[in-house]
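Novice: Below: sequence and its predicted model.
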Protein chains: 2
Amino acid sequence: MTETVSAQRVEDFLCFSLYAASHAFNRLYQPLLEPLGLTYPQYLVLTVLWAEDGLLVGQIGEKLALVSSTLTPLLKRLEGAGLVARTRDRQDERQVRVTLTEAGHAMRDRAAGIPACVLSATGLSLEKLLRLKDEIDALRHMVEQHKDNAGP
Amino acid sequence: MTETVSAQRVEDFLCFSLYAASHAFNRLYQPLLEPLGLTYPQYLVLTVLWAEDGLLVGQIGEKLALVSSTLTPLLKRLEGAGLVARTRDRQDERQVRVTLTEAGHAMRDRAAGIPACVLSATGLSLEKLLRLKDEIDALRHMVEQHKDNAGP
DNA sequence: TCTTTTTATATCGTGCACAATATAATCGCT
DNA sequence: AGCGATTATATTGTGCACGATATAAAAAGA
């Protein structure tokens, strides 16, 4: 049977592959993060802060490509869990600075083994993984650029 | 400055690239689907049914790697929008069969131009796109297999 | 100095995504 | 024939993800 172009299958969509792969990784992380009381997006935020503490909400948003309506509730939950502190910037009170607490710093050690677990699950060499990552990043930048240029 | 392995940046994570790229595509689709009254996951379900009408909820779940707690509310919204009908299977009443309505079939024509728009936004040739897709699919299957084998 | 514009974050509402649990139907075994 | 195990979907609760909107602070212009 011949598939016409209009009978395109969902499996043929690159965006579906990304969507499904992203969820598969989320499900892979869940048992690793659950003992730490973290979700995957919370883990991403902490990873950003472990690399550079004291970022503004907007800066975290830029690094993770997330809007404030996603970040503010997420950061409040991390604050409630005692892992970060949120304070208004003294010089510009529109901006909120996010700093790690001692527990937030300590969480880094507890989460240290996660990347190796995840890498091992992919079955990829580090070289191949980085190459695939770069291609996906390039694709994402093309897509984001297209969206920005598609003004009214 | 040398980055130690423990100072790993979130940008270095393949899973973050997938996560961010998936969301970027979601944002790319949104203005294309919004006029049709559809969300991206709803569009995925319809795509599956356009290719093969009358699937069971479980079969849709397998094709999209989604659990029934995600699908049931989503299908109910599509049913409420008049695009699909859900009926219990006569032979096995545990199973729910999902069929397209006339409006659901007609939606296919309305959505016909979307794949081309999305493809053009990626800036990729069809050949490169398919190759990248296959690599991501292989990765997802590795990850899903790892998760299945990591039993108690 | 005052007003308008811009910027940063917060809130609200909606739609997922999934684990845990519930309900109902089918199957297999005795 | 009855009971326990299994299967399929539904419900509940929680955490995002994002568009629309609101609030407050800073910047720019008159």
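Specialist: Right, received. Where do you want to start? Residues are numbered from 1 along each chain as shown, chains lettered A, B, ... in the order given.
Novice: residue contacts, the nearest residue to A:R88 once chain neighbours are set aside?
Specialist: Setting aside the residues directly before and after it, A:R88 is nearest to A:V96 in space (C-beta to C-beta, 6 or more residues apart in numbering or on different chains), at 6.0 Å. For every residue, glycine as well, the C-beta is placed using N, CA and C. When contacts are counted by C-beta atoms under 8 Å, 6 or more residues apart in numbering or on different chains, A:V96 touches A:L56, A:V57, A:R86, A:T87, A:R88, A:D89.
Novice: so the third one is in which element?
Specialist: This points to A:R86. strand A:84-88 (DSSP states H and E).
Novice: how about that strand, does it get close to DNA strand C?
Specialist: Yes: using C-beta under 7 Å from any atom of the strand, strand A:84-88 reaches DNA strand C at A:R86.
Novice: buried residues in the helix or strand hosting A:V118?
Specialist: Following DSSP H and E, one finds A:V118 within helix A:114-122. By neighbour count on 16 or more other C-beta atoms under 10 Å in any protein chain shown, the buried set for helix A:114-122 is A:I114, A:P115, A:V118, A:L119, A:A121, A:T122.
Novice: Which residue, other than its chain neighbours, is closest to the first one?
Specialist: Nearest non-adjacent residue to A:I114, counting by C-beta to C-beta, 6+ apart: A:L32, 5.2 Å away.
Novice: Let me see the contact set for the one you found.
Specialist: Taking C-beta under 8 Å, 6+ apart, one finds A:I114, A:C117, A:V118 in contact with A:L32.
Novice: Need these in TSV (columns: pLDDT).
Specialist: Formatted as TSV, the contacts of A:L32 follow (pLDDT from 0 to 100):
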residue	pLDDT
A:I114	93
A:C117	90
A:V118	91
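Novice: with those in mind, which one is nearest to chain B?
Specialist: A:V118 (6.5 Å; C-beta to the nearest C-beta).
Novice: could you measure that closest one against DNA strand D, distance?
Specialist: Counting by C-beta to the nearest atom of the strand, to the nearest Å, the gap from A:V118 to DNA strand D is 16 Å.
Novice: One more: A:P41?
Specialist: 3 Å.
Novice: isn't that residue right next to A:L74, touching?
Specialist: Yes: taking contacts as C-beta atoms under 8 Å, A:P41 lies within contact range of A:L74: 5.9 Å.
Novice: what residues are up against the residue nearest the centre of chain A?
Specialist: Against the mean C-alpha coordinate of chain A, by C-alpha atoms, centre = their mean, the closest residue is A:L44 at 4.6 Å. By C-beta under 8 Å, 6+ apart, the residues touching A:L44 are A:L64, B:V10, B:F16, B:Y19.
Novice: Lovely, talk soon.
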